[in-house]
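Enquirer: Quick one, fold the following:
(chains A and B)
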2 protein chains.
Amino acid sequence: MQMSEKVSPILVSGFRDTDPADMIAKQRLIDEIMAVYRSFGFEPLDTAVVQLQTVLFEEFEYTDMDFFQVENSRKFSHSEAPRMALRFDLTVPLARYVAANIATLPRPFKRAQIGKVYRGEKAQAGRYCEFLQADIDSLFTGSVYSDAEIVAVMFTLFKKLGIDKFKIVINNRMICNLFPQYAGFNPDDLTAVLRVLDKIRKVSREETVKGLSHKQDEESKNPVRFLSNSSIRKLMYLIEKQGSNEDLLIYLKVKYQRAGLDTTGIVELEKMYEYCRMMGVDDKNLQVDFAMVRGLAYYTGPIFETYLTELPEFGSVFSGGRYDNLVSKFTEANVPATGASVGVDRLFEALKQLSYLKPLGSVVDVMIMVLDRSYMPEYLLMAKEIRDNGYNVMIYDGVDMSFKTQLMRAVTNDIHFVVIVGKDEMDKQVVTVKDLKTRKQSVLSRNEFTTYHFLNIITGT
Amino acid sequence: MQMSEKVSPILVSGFRDTDPADMIAKQRLIDEIMAVYRSFGFEPLDTAVVQLQTVLFEEFEYTDMDFFQVENSRKFSHSEAPRMALRFDLTVPLARYVAANIATLPRPFKRAQIGKVYRGEKAQAGRYCEFLQADIDSLFTGSVYSDAEIVAVMFTLFKKLGIDKFKIVINNRMICNLFPQYAGFNPDDLTAVLRVLDKIRKVSREETVKGLSHKQDEESKNPVRFLSNSSIRKLMYLIEKQGSNEDLLIYLKVKYQRAGLDTTGIVELEKMYEYCRMMGVDDKNLQVDFAMVRGLAYYTGPIFETYLTELPEFGSVFSGGRYDNLVSKFTEANVPATGASVGVDRLFEALKQLSYLKPLGSVVDVMIMVLDRSYMPEYLLMAKEIRDNGYNVMIYDGVDMSFKTQLMRAVTNDIHFVVIVGKDEMDKQVVTVKDLKTRKQSVLSRNEFTTYHFLNIITGT
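Expert: Numbers count the residues shown, from 1 in each chain, chains lettered A, B, ... in the order given. Below is the predicted model:
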């Protein structure tokens, strides 16, 4: 290429690269997540990132969600090109997949999936347009056991990651759906009430109360009177009730029974709580919370969110719920389903902040310095020997071949060992091995080197 | 959701899902690829799928490549929204990343990356718009050693996969660039000649000769006279020359020397061949081929492609080359670079066809049948014990809970073991374990079961 005008090497706002140091740590996190998913019997699936807009949107009201539209550059030759978009989660494409393959899928169908999803939101600190999610979902499942199992997976994963300070918050949408009857307000206002409750962890108590007492008028945009003071009082009292999980469950059950309301939701929540406990989920990591409602419209039963108690401002890092009607967007068949999603990138950032993830350095265990290109046959042979012993090895091959630059390359990239063979070593048929962590230097005979064990622990990722 | 009009659960043409059976096998392939990459010291990187069109296109003439344009759904509020597209490979985003981080990157910079890429081509059998690539690239590398290393990685990978029948074809772009001087034709016709040669493995000899003797006129679209018969004869003789790799290299060197042509390319190819041999690449898997030119415009030196000799029609499954000028699209700095890309999906399809990949069944090692929901505490405890022993376990939880359906679920999903605890077993405090592969059934005491080893080999993926 000629010296021409340079293109600015910038990214689209809201998108980013993940450099090797972070990728090594993130890959470990991903591997851990997927191993826990597998251990509960979830099988891997992959679906397309690009989907039809009719599949992703419409039926559900995502009118306030910005997304990425996709068009084929040759669309102009195809007047009836379908409208496409990048998926915003893994759940809707899963529902499509299940509907499309309904006759042949194993039942129950338990799938794990990790993949990138896209939201067209305005980029902010810590908020990206492209991020990685890791999902599990159980479909064609008939009992609340499968909901509780999702919670057990969450619990197991966090324990495996060495995290102790977290809360898995559980609730049931059927309970929320009876709030109008319970607190005495118009059922048409339920969606607006749930929208206020969904922000409860991010705002002050005053703001929640204000949000319940006034709402914005659709037309005038001015605040108009919303719930009555009595309704607000009843609702706030319920969701602020303190006590053990058992106490809260009994309290609400009695309240609903007295009010003559359907207790299906509360019985399901009790059952789910019981199963969670049976599966070894520690009560101190579980929290019944009637104010947790979840944002997405498609939930129909149990719902769950997970907070790192040291970083509550991060929001939920693992959440989901039952969505018995989502698949019926695509088929007449009845497909009960439940599942949850880990925001891998968000969890990764949180774990970094909390120092749960140690920097892992390089994938390279050993770097061979090139002191004389005529010794290359020897370097290549040594590299093969090291590799055959199970280590990751690189031979330095750069533009600047000075000793100092080569050594600095290993030091700055956090490579554990360097192997040095110059004229001295060649003459004596020895190899110098420098441990850059301990600063120890060993001189080995060529034979010793062939079977030398650099470390017990070999870089896995 | 109400009984409303159903949305058709279809995919965009050219896109597809990968079901669990294939994903399990594909994940093993991915893990193997990445492990070999690591063993040669390549570090993982991730870049964004959505990039600016100025980054991906323009400078290079991809005018005949269809791609996917991306627009934010809220673009209408932003009149100056940047033009975006889905990346069509991992190399151009890497060049952007390197230019953007040039001051802080380790040198040499060796990176491995796996990710989806997108081409807007018309969907055909075996040709998809979304596919997975796994790349390695070495940047700031000064010698042909790094090119040879890429070939050694390819060789090592194929050997690890158990593939023996493959050819890594090597050549050098500098050699091709002298074809006009060598064969006596107008240098302006070189691009058109290379385009003909690039198809040589897909067409008959006659078609190649025809392609060299006539080309389509830009304006009239009629075939017009192209290379002279003498030029065609010279070129065809060269590229059809038979002999050992050494013989071919010597032959061309002498020819070029006699013609007074620059032999830098041929000397580099010799050197690369020598390094490949030193690194243990078997001569029978290596093939010097002066007709292999590679499609992309950005190659500047050594180039390589890999064919499965049992499936030549699949085309190259692992290919690349040196591209010393690509990064200079973005920066004044000089960044020599070389690399290659595995078409993971294509390789996967090929390995399936050649039966190199055995079906791996389910990730689930053991399924616990639910014969009575009141025994759930016992089932949950057993599941935990099995999981703690390192196996993947699922508890059956479906809509249809009949014994036959549960057993069929395990059989059709290729699950190795089922655990049966009904009233009989509960009364006697025993567990029935059925090996569905051997049809053997064992009755274990509850204590034996706790430490029971189902298999020596545990499902890895």
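Enquirer: so does the longest helix along chain A get close to chain B?
Expert: Across chain A, the longest stretch assigned as helix under DSSP state H is helix A:20-39. Yes. Helix A:20-39 reaches chain B (Cβ under 8 Å from any Cβ of the partner chain) through A:20, A:23, A:24, A:26, A:27, A:38, A:39. All C-beta spots, glycine's among them, are computed from the backbone N, C-alpha and C.
Enquirer: And these, which is closest to residue B:330?
Expert: residue A:20 (19.6 Å; Cβ to Cβ).
Enquirer: hang on, isn't residue A:421 packed against residue A:375?
Expert: Yes. Assessed by Cβ atoms under 8 Å, residue A:421 is found in contact with residue A:375 at 6.2 Å.
Enquirer: Return the distance of residue A:437 relative to residue A:42.
Expert: In this view, residue A:437 and residue A:42 are 38 Å apart by Cβ to Cβ, to the nearest Å.
Enquirer: More neighbours: the two, which one.
Expert: Neighbours were counted for residue A:437 and for residue A:42 using other Cβ atoms under 10 Å in any protein chain shown; residue A:42 has more, 28 against 11.
Enquirer: residue contacts, the more buried one?
Expert: By Cβ atoms under 8 Å, 6 or more residues apart in numbering or on different chains, the contact list for residue A:42 reads A:110, A:111, A:112, A:136, A:138, B:363.
Enquirer: Relative to residue A:122, which of the residues you listed is nearest.
Expert: Of the contacts of residue A:42, the one sitting nearest to residue A:122 (Cβ to Cβ) turns out to be residue A:136, at 30.0 Å.
Enquirer: My read is that the closest one contacts residue A:94, right?
Expert: No. Counting by Cβ under 8 Å, residue A:136 sits too far from residue A:94 to count as a contact (10.3 Å).
Enquirer: okay, and the common contacts of those two?
Expert: A:111, A:339.
Enquirer: Which of the two has more residues huddled nearby?
Expert: residue A:136 (30 against 24).
Enquirer: I'd guess that one is in a strand, am I close?
Expert: Yes. Using DSSP: H, G, I helix; E, B strand; the rest coil, the assignment for residue A:136 is a strand.
Enquirer: separation between it and residue A:109?
Expert: 11 Å.
Enquirer: I'd assumed residue A:344 was in contact with residue A:131.
Expert: Yes. Using Cβ under 8 Å, residue A:131 makes contact with residue A:344 at a distance of 7.3 Å.
Enquirer: So the two - more neighbours on which side?
Expert: residue A:344 (21 against 18).
Enquirer: which residues does the residue lying closest to that one once chain neighbours are set aside contact?
Expert: Setting aside the residues directly before and after it, residue A:344 is nearest to residue A:132 in space (Cβ to Cβ, 6 or more residues apart in numbering or on different chains), at 4.0 Å. The contact partners of residue A:132, by Cβ under 8 Å, 6+ apart, come to A:30, A:114, A:115, A:116, A:117, A:343, A:344, A:345.
Enquirer: Bridging across strands, which residues link to the fourth one?
Expert: Yep, that's residue A:116 we're talking about. Residue A:116 has these beta-bridge partners by DSSP bridges: residue A:132.
Enquirer: Surely it touches residue B:48?
Expert: No. Using Cβ under 8 Å, residue A:116 makes no contact with residue B:48, being 9.0 Å away.
Enquirer: list residues touching both of the two?
Expert: With Cβ under 8 Å, 6+ apart, residue A:116 and residue B:48 have common neighbours residue A:130.
Enquirer: Who has more neighbours out of those two?
Expert: residue B:48 (25 against 20).
Enquirer: which bits of the stretch 201-350 of chain A sit near chain B?
Expert: Checking the stretch 201-350 of chain A against chain B by Cβ under 8 Å from any Cβ, the hits are A:275, A:278, A:279, A:280, A:325, A:326, A:328, A:329, A:330, A:331, A:332, A:336.
Enquirer: again, 6 Å this time
Expert: A:278, A:279, A:325, A:328, A:329, A:330 (Cβ under 6 Å from any Cβ of the partner chain).
Enquirer: and the residue of the stretch 301-450 of chain A nearest chain B?
Expert: residue A:394 (2.7 Å; Cβ to the nearest Cβ).
Enquirer: How many neighbouring residues does the residue lying closest to that residue once chain neighbours are set aside have?
Expert: With sequence-adjacent residues excluded and distances taken as Cβ to Cβ, 6+ apart, residue A:394 is closest to residue B:41, at 2.7 Å. Using other Cβ under 10 Å, residue B:41 is surrounded by 30 other residues.
Enquirer: Look up how far chain B lies from residue A:211.
Expert: As judged by Cβ to the nearest Cβ, to the nearest Å, residue A:211 and chain B stand 25 Å apart.
Enquirer: picking up where we left off before, now the two most distant members of the contacts of residue A:132.
Expert: Going by Cβ to Cβ, the pair spanning the contacts of residue A:132 furthest: A:30 and A:117, at 14.8 Å.
Enquirer: Which of the two has more residues huddled nearby?
Expert: Applying other Cβ under 10 Å to residue A:30 and residue A:117 shows that residue A:117 carries more neighbours, namely 21 against 18.
Enquirer: residues in contact with that one?
Expert: A:87, A:88, A:89, A:133 (Cβ atoms under 6 Å, 6 or more residues apart in numbering or on different chains).
Enquirer: Tell me how far stretch A:106-125 lies from the chain's centre.
Expert: Distance, stretch centre to chain centre, for stretch A:106-125: 8 Å (Cα atoms, centre = their mean, to the nearest Å).
Enquirer: Same question for that stretch: list its buried residues.
Expert: A:106-121 (16 or more other Cβ atoms under 10 Å in any protein chain shown).
Enquirer: What is the burial count for residue A:429?
Expert: Residue A:429: 11 neighbours (other Cβ under 10 Å).
Enquirer: nope, residue A:280 is what I was after
Expert: The burial count for residue A:280: 13, using other Cβ under 10 Å.
Enquirer: how far away is residue A:30 from residue A:111?
Expert: 16 Å.
Enquirer: repeat for residue A:134
Expert: Taken as Cβ to Cβ, the span from residue A:134 to residue A:111 is 12 Å.
Enquirer: pretty sure residue A:329 contacts residue B:8?
Expert: No. Residue A:329 is beyond contact range of residue B:8, at 10.4 Å (criterion: Cβ atoms under 6 Å).
Enquirer: Between those two, which has more neighbouring residues?
Expert: residue A:329 (22 against 12).
Enquirer: quick revisit: for residue A:455, state which of the contacts of residue A:42 is nearest.
Expert: Nearest to residue A:455, judged by Cβ to Cβ, of those is residue B:363 at 30.7 Å.
Enquirer: Only C-alpha atoms, please: export stretch A:268-283 in PDB.
Expert: The C-alpha trace of stretch A:268-283 is given here as PDB (Å, rounded to 0.1, in the frame of the first residue of the first chain):
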ATOM      1  CA  GLU A 268     -45.100 -22.300  44.000                       C
ATOM      2  CA  LEU A 269     -42.600 -20.000  45.700                       C
ATOM      3  CA  GLU A 270     -42.700 -22.000  48.900                       C
ATOM      4  CA  LYS A 271     -42.100 -25.200  46.900                       C
ATOM      5  CA  MET A 272     -39.200 -23.600  45.000                       C
ATOM      6  CA  TYR A 273     -37.700 -22.400  48.200                       C
ATOM      7  CA  GLU A 274     -38.000 -25.800  49.700                       C
ATOM      8  CA  TYR A 275     -36.300 -27.500  46.600                       C
ATOM      9  CA  CYS A 276     -33.500 -24.900  46.700                       C
ATOM     10  CA  ARG A 277     -32.800 -25.700  50.300                       C
ATOM     11  CA  MET A 278     -32.900 -29.500  49.500                       C
ATOM     12  CA  MET A 279     -30.300 -28.900  46.800                       C
ATOM     13  CA  GLY A 280     -28.000 -27.400  49.300                       C
ATOM     14  CA  VAL A 281     -28.500 -23.700  48.600                       C
ATOM     15  CA  ASP A 282     -27.500 -21.900  51.700                       C
ATOM     16  CA  ASP A 283     -30.300 -19.900  53.300                       C
END
